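**Q** the sequence isn't on hand, but the structure is:
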């Protein structure tokens, strides 16, 4: 997609989805017009270790070419590029990037990374679309699209199987269109034909450029740390992924964080990550207490065999305390908490 000094339409379409997203994307992609004068880029949250069959699934009904993206392939209108497992999907001025940068909002691929890279590269030519999904990935990315003069679309939260993601965008971004899923394909088709604003009216901010660079990881450690420090102020919190210090980003709209490695979190995803870390720590504590109990029981038997009654009694007290503590931790781990819905996997 060569750069030229001419007017453009809205020819970069960016779509993000999470829980409930396979069905929503199949509907949306399947109904996009065959003559759509745009390239389409799609991120669906998915597990890292399982193969993706999304290209085959979406190709059954799509009028456009649907394919998994590969690094540095040229961008072509009329194509739908899908993120692959455990890799971020990014776009540059003329080609696609597929990289294993740090996770954002506990996801790789992440929606924010795609939206941010496109906002930097294409500005007003972007159409951002957020569909059904849990938590709030896509909100910060949509802010970047709007800051560069792009268009913000969301699936109506009332129409979404999981409304959290589009609702978060609606609460934090000046959304241009909020419509049911059924109306999105024709709306995207119409918007793609409209003339985009001049890119020079919406300059790339230093913060946007820095955050886009962090995902690509094409810098040394000193530059990485310096870049994160410029974005915010160090907090007392630690990263659930690498356990390094977190910087609170200077963002007046959304509370969010980054570590110097590059992991990024909204407040909601950070809490979720801390929950996972806490659960892991509790299971480790439970294991240690149960091992302590088993060891104590063996020591008690030995003490009784040798008629060391006082030692056996002391060991019995320690075993009972370990069992009591283990029971408390087990109850915490097994209490009835509603699980957070994650991605809806494509069938194998």
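**A** All right, it came through fine. Please read all numbers here as calculations on a predicted model, not as lab measurements. Numbering: from 1, shown residues only.
**Q** please spell out which residues along stretch 182-195 are buried.
**A** 184-185, 187-189, 191-192 (16 or more other CB atoms under 10 Å). Bear in mind the C-beta positions are built from the backbone N, C-alpha and C, glycine included.
**Q** I meant to write stretch 83-92 there.
**A** For stretch 83-92, the neighbour count (16+ other CB under 10 Å) marks 83-85, 87-92 as buried.
**Q** contacts for that stretch next, please.
**A** By CB atoms under 8 Å, 6 or more residues apart in numbering, the surrounding residues in contact with stretch 83-92 are 12, 41-44, 46-52, 68-69, 75, 81-82, 96-101, 104, 108-110, 113-114, 117-118, 121-122, 212, 215-216.
**Q** among those, which ones are in helices?
**A** Using DSSP state H, the members of those that fall within helices are 113-114, 117-118, 121-122, 212, 215-216.
**Q** most surrounded residue in those residues?
**A** Using other CB atoms under 10 Å as the neighbour criterion, residue 113 leads the ones in helices among the contacts of stretch 83-92 with 33 neighbours.
**Q** want to throw the buried residues of stretch 182-195 into TSV with pLDDT?
**A** Shown next, in TSV, are these (pLDDT from 0 to 100):
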residue	pLDDT
184	98
185	98
187	98
188	98
189	97
191	98
192	98
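**Q** quick one: neighbours of residue 103, just the number.
**A** Residue 103 - counted by other CB under 10 Å - has 25 other residues nearby.
**Q** with adjacent residues omitted, what lies nearest to it?
**A** Nearest non-adjacent residue to residue 103, counting by CB to CB, 6 or more residues apart in numbering: residue 263, 5.8 Å away.
**Q** ok, residue 18 next?
**A** In space, and not counting its chain neighbours, residue 18 is closest to residue 133: 2.9 Å by CB to CB, 6+ apart.
**Q** from memory residue 330 sits against residue 285, does it?
**A** No - counting by CB atoms under 8 Å, residue 330 does not reach residue 285; the two are 10.2 Å apart.
**Q** which pLDDT does the model give residue 346?
**A** pLDDT, residue 346: 40.
**Q** and residue 176, by the same measure?
**A** Per-residue pLDDT puts residue 176 at 98.
**Q** next one: phi and psi at it?
**A** With angles defined as degrees, to the nearest 10, residue 176 sits at phi -90, psi -40.
**Q** please report how far it lies from residue 297.
**A** Relative to residue 297, residue 176 is positioned 66 Å away (CB to CB, to the nearest Å).
**Q** repeat that for residue 30.
**A** With distances taken as CB to CB, residue 30 is found 62 Å from residue 297.
**Q** next one: residue 197
**A** Relative to residue 297, and taking CB to CB, residue 197 is found at 74 Å.
**Q** point out where this protein drops to low pLDDT.
**A** 1-6, 336-348 (pLDDT under 70).
**Q** again, only using 80
**A** Counting by pLDDT under 80, the ranges of the chain that qualify are 1-7, 280, 336-348.
**Q** separation between the residue lying farthest from the centre of it and residue 172?
**A** Relative to the C-alpha centroid of the chain, counting by CA atoms, centre = their mean, residue 307 is the outermost residue, at 61.1 Å. According to CB to CB, residue 307 and residue 172 sit 72 Å apart.
**Q** before we move on, what about residue 141?
**A** As judged by CB to CB, residue 141 and residue 172 stand 11 Å apart.
**Q** same check, this time on residue 143
**A** Taking CB to CB, one finds residue 143 at 7 Å from residue 172.
**Q** identify the contacts common to those two.
**A** Common contacts of residue 143 and residue 172 (CB under 8 Å, 6+ apart): 253-254.
**Q** who's more crowded, the two?
**A** For the pair residue 143 and residue 172, the greater number of neighbours falls to residue 143 (24 against 16), based on other CB under 10 Å.
**Q** show me what contacts the nearest residue to residue 181 once chain neighbours are set aside?
**A** Nearest residue to residue 181, sequence neighbours excluded (CB to CB, 6+ apart): residue 155, at 5.3 Å. Shown in contact with residue 155 (CB under 8 Å, 6+ apart): 24, 129-132, 166, 179-181, 184.
**Q** phi, psi of residue 155?
**A** In terms of degrees, to the nearest 10, the main-chain angles of residue 155 are phi -70, psi 130.
**Q** which residues does it form beta bridges with?
**A** Residue 155 has these beta-bridge partners by DSSP bridges: residue 179.
**Q** distance check, it against residue 182.
**A** 10 Å.
**Q** could you do residue 164 as well?
**A** 21 Å.
**Q** count the neighbours of residue 156 for me.
**A** By other CB under 10 Å, neighbour count at residue 156 equals 17.
**Q** likewise for the one 3 residues further on?
**A** Around residue 159 there are 19 other residues, counting by other CB under 10 Å.
**Q** show me the contacts for it.
**A** Residues in contact with residue 159 (CB under 8 Å, 6+ apart) are 180-181.
**Q** coming back round to it: narrow the contacts of residue 155 to those in strands?
**A** Counted as lying in strands by DSSP state E, out of the contacts of residue 155, are 129-130, 179.
**Q** which among these end up buried?
**A** Buried residues within those, defined by neighbour count using 16+ other CB under 10 Å: 129-130.
**Q** let's have the ones in strands among the contacts of residue 155 in a markdown table, adding distance to residue 274.
**A** Formatted as a markdown table, the ones in strands among the contacts of residue 155 follow (distance: CB to CB, whole Å):
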| residue | distance to residue 274 |
| --- | --- |
| 129 | 30 |
| 130 | 25 |
| 179 | 35 |
